[in-house]
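# Kindly generate the corresponding structure for this input.
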Amino acid sequence: MLESCKSAQERWGGVHDLIDRWLNARQALIINFVQLKERGEFTPLDTNNIQKVCEQLIDYVSTGHFEIYEQLAKEAEAFNDDGALLLLKNLLPEIQKNTEVIIEFNDKFDTKDHCNDQLGSLPFSLQALGLVLAERFSFEDKLIEELHEAHSEKSA
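Numbering: from 1, shown residues only. Below you'll find the model as predicted:
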């Protein structure tokens, strides 16, 4: 019994570390996003900060889609957790809609030329993006709670 517990910890402990790093990346993204949003008026000198937020957005979203959600699904499958798998199936399309908005924002502001061409629309775009991010973080928090934290308790 001790061995199976140890095995579960080894198996899913890495998922916990991955989620921790991802949530730390989320926090850094939020800090830079809020600082950018609070500027209000933008000049061509702000393009580096805008591009940094774009990079963080794409990195964060990519990690979610290509690492986190996949690991959470594997964990739910390993624990035969049909309810968690159903939640994942229901939330992933909503998260994908958010991803599309984030990619549109990135495409609009990811280079200096794009930023300079779109500076006038940046405050509105940041406002809309903020709503999308808040919704996305809520979905992701549900996934982490249902798919990982519940299984962490079972493996402990």
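# wouldn't residue 75 be in contact with residue 16 here?
No - no contact is recorded between residue 75 and residue 16 when judged using C-beta atoms under 8 Å, the distance being 10.2 Å. Where you see a C-beta, it was placed from the backbone N, CA and C, and this is true even at glycine.
# For the strand or helix carrying residue 16, give the mean pLDDT please.
In this assignment (DSSP states H and E), residue 16 forms part of helix 2-39. Per-region confidence: helix 2-39 scores 74 on mean pLDDT.
# Show the subsequent helix or strand relative to it.
Going down the chain from helix 2-39, the next helix or strand is helix 47-63, by DSSP H and E.
# For that following helix, what is the distance to the chain centroid?
Going by C-alpha atoms, centre = their mean, to the nearest Å, the spacing between the C-alpha centre of helix 47-63 and its chain's C-alpha centre is 11 Å.
# the more surrounded of residue 75 and residue 16?
For residue 75 and residue 16, the more surrounded residue by other C-beta atoms under 10 Å is residue 75, and the numbers stand at 21 against 15.
# Can you point out the helix or strand that includes that one?
Taking DSSP H and E as the criterion, residue 75 maps to helix 69-78.
# what's the spacing between that helix and its chain's center?
Once both centres are worked out by C-alpha atoms, centre = their mean, helix 69-78 turns out to sit 16 Å from its chain's centre.
# Show me what counts as buried in that helix.
Within helix 69-78, the residues that qualify as buried by neighbour count (16 or more other C-beta atoms under 10 Å) are 69, 71-73, 75-76.
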